[in-house]
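**Student:** Give me a model of this one.
(one chain, ligands or ions: 3)
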Amino acid sequence: VGPDGVKRFDLALQAGQTEFMAGKPVPTWGVNGSYLGPTLRVRRGDQVAMAVFNRLSEASTLHWHGMRLPAAMDGGPHQMIAPGAIWRPQWKVDQPVGTTWYHPHPHEKTALHVYRGLAGMIQIEDGPTGLPDRYGVDDIPIILQDKLIDSDGTVSEHFGGTFGMLGEQIVVNGTYDPFLEVTSTRVRLRILNGSNARKYNLVFADQRKYSVVANDGGLLPQPVLTDQVSITPGERIEIVVEFQPGESVVLRSASGSDDIDDGDFDLLKIVAAARLDSSAAVPDRLPARPPIEAVAGARVRKFTLSGASKINGREMDMTRIDEVIPAGAREVWEIENIVYAHNLHIHEVAFRVLDIDGQAPPAWMQGPKDTVFVPGKTTVRLAVEFGTHTDPVTPYMYHCHILRHEDKGMMGQFVIV
Ligand code: C2O
Ligand code: CU
Ligand code: CU
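**Tutor:** Ligands and ions are numbered 1, 2, ... in the order given. Below you'll find the model as predicted:
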């Protein structure tokens, strides 16, 4: 924080090496390091100033996924950073407590740049929540990714097939065979699916229940106790888990039937210390933002997802504005998926999932979000709250966050006027 009160972050996109298999370092990219980047912690009301220095040999961008900010600061495909250049976006943080993230967004190359390791978490604070919040102690960032390792130990960068990269080696925060030692009775896990395509169905090996406290865009009004939640690429979920002294449990992903969640995987082994600090109980109510309602007479926009690359029959065109949205609009977006698994992420907004094929979503999915799974042959309706940063020429994106689909053109552009 400078004397002017501005919170400054220096971020360098750079090359390095990382091991995803013992004794086999491979070339990777990272932000201020060799793989992934620092967790950025900001408070609502902060003025932030980023300096993003591209030390790579090719152009990229850095997009603030989930942040509410002006389109020119968004870091999408129109804000390319040439090798050797520095990009300096600034904005005022004005959104509820929650977990967002950053990753590159170069047109047709997002899959490769994210897979190589350019990503990190952003945590927004906004007053007390009653939830565990000691970073790295009882408030743990968990970035889930999968790698495809060739038989010679190198990491495959083949993004072919219907969904692109679906790896069998899970890494958490860039670490293979990860484990976490916890020292208190309740721990908050802020889980980000930073994978290219894989969906994770999160369960504990002993089927224990846990409290879901937040979705992508912030807190749920009250914790939801469950034993399984799912996240697809780009989504975040925050859970609070209880531990007994000395026990050891495994967070797993259970195989499902959604094209992108095949196979059972151990994600993270968690070992509780022999003596645990006792944590406060999870509050019955959380200081959540008011739910996003579908207002009477709201404009309804329909989007049809087809094949691996089309929204409403068209592929992304950097020179075409697909939708023009009035500042502060509340709309209903109806996403009809006529093929296999996709999801939809909308930049800049917060939305609530109204229904999935006419049925209410599970309680743990009813908080504010910016990315939603749209299973094959399913229609999802969203109540969307748009922001108020107007710019008639610089667009925001909406797209499938299965990165091969985004790169192939399953993306559109909107401006807020
Ligand atoms: Cu996570 Cu358009 O991005
Ligand atoms: Cu985004
Ligand atoms: Cu898709």
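
**Student:** quick one, phi psi at residue 341?
**Tutor:** Geometry field for residue 341 lists phi and psi as phi -50, psi 130, criterion degrees, to the nearest 10.

**Student:** Could you tell me which residues of the chain lie near ligand 3?
**Tutor:** 342, 400, 402, 405 (CB under 5 Å from the ion). All C-beta atoms are positioned from the backbone trio N, CA, C, and that covers glycine.

**Student:** Does the third one touch residue 198 like I think?
**Tutor:** Spelled out, it's residue 402. No. Look at residue 402 against residue 198 with CB atoms under 8 Å: they stay out of range, at 9.2 Å.

**Student:** Between the two, which has more neighbouring residues?
**Tutor:** residue 402 (31 against 25; other CB atoms under 10 Å).

**Student:** Right, and ligand 3 sits closest to which residue of the stretch 201-350 of the chain?
**Tutor:** Closest contact between the stretch 201-350 of the chain and ligand 3, by CB to the ion, is at residue 342 (3.3 Å).

**Student:** wait, I meant the stretch 151-300 of the chain
**Tutor:** Closest point on the stretch 151-300 of the chain to ligand 3, by CB to the ion, is residue 163, at 7.6 Å.

**Student:** Now do that residue against residue 406, distance only.
**Tutor:** Distance, residue 163 to residue 406, using CB to CB, to the nearest Å: 12 Å.

**Student:** before we move on, what about residue 47?
**Tutor:** Counting by CB to CB - residue 47 and residue 406 are separated by 31 Å.

**Student:** buried sites along stretch 363-383?
**Tutor:** 364-375, 378-383 (16 or more other CB atoms under 10 Å).

**Student:** and the residue of the stretch 1-150 of the chain nearest ligand 2?
**Tutor:** Closest point on the stretch 1-150 of the chain to ligand 2, by CB to the ion, is residue 65, at 3.6 Å.

**Student:** Can you give the domain ranges for this protein?
**Tutor:** 7-125, 139-277, 299-416 (automatic domain parsing).

**Student:** Residue nearest the middle of this structure, spatially speaking?
**Tutor:** In the chain, the residue lying closest to the centroid (CA atoms, centre = their mean) is residue 234, at 3.1 Å.

**Student:** Once you drop chain neighbours, what's closest to that one?
**Tutor:** Once flanking residues are discounted, residue 234 sits nearest to residue 401: 3.6 Å by CB to CB, 6 or more residues apart in numbering.

**Student:** Spit out the contact partners of that neighbour.
**Tutor:** Residues in contact with residue 401 (CB atoms under 8 Å, 6 or more residues apart in numbering) are 232, 233, 234, 235, 343, 344, 345, 371.

**Student:** What is the burial count for the first one?
**Tutor:** The one in question is residue 232. Residues within reach of residue 232, counting by other CB under 10 Å, total 27.

**Student:** Correct me if wrong: it contacts residue 259.
**Tutor:** No. Counting by CB under 8 Å, residue 232 does not reach residue 259; the two are 10.8 Å apart.

**Student:** shared neighbours of the two, anything?
**Tutor:** Counting by CB under 8 Å, 6+ apart, the contacts common to residue 232 and residue 259 are residue 341.

**Student:** Relative to residue 189, how far out is the nearest residue to residue 268 once chain neighbours are set aside?
**Tutor:** Closest residue to residue 268 apart from its sequence neighbours, by CB to CB, 6+ apart: residue 251 at 4.5 Å. Distance from residue 251 to residue 189, counting by CB to CB: 8 Å.

**Student:** hey, where'd the helices end up in the stretch 151-300 of the chain?
**Tutor:** Under the criterion DSSP state H, counting those that start in this stretch, the stretch 151-300 of the chain carries no helices.

**Student:** and if you look at the stretch 301-417 of the chain?
**Tutor:** Going by DSSP H, counting those that start in this stretch, the stretch 301-417 of the chain shows helices at 403-408.

**Student:** In it, what residue lies closest to ligand 2?
**Tutor:** For the stretch 301-417 of the chain, CB to the ion, closest residue to ligand 2: residue 347, 4.5 Å.

**Student:** Surely that residue touches residue 396?
**Tutor:** Yes. The criterion here is CB under 8 Å, and residue 347 meets it with residue 396 at 4.0 Å.

**Student:** Residues that sit against both of those two, list them.
**Tutor:** 74, 76.

**Student:** still on that earlier bit, got TSV for the domains of the chain, with mean pLDDT too?
**Tutor:** Listed next are the domains of the chain as TSV, based on pLDDT from 0 to 100:
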stretch	mean pLDDT
domain 7-125	97
domain 139-277	97
domain 299-416	98
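
**Student:** could I get those as TSV with distance to residue 132?
**Tutor:** Converted to TSV, the domains of the chain look like this (distance: least, CB to CB, whole Å):
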stretch	distance to residue 132
domain 7-125	13
domain 139-277	4
domain 299-416	18
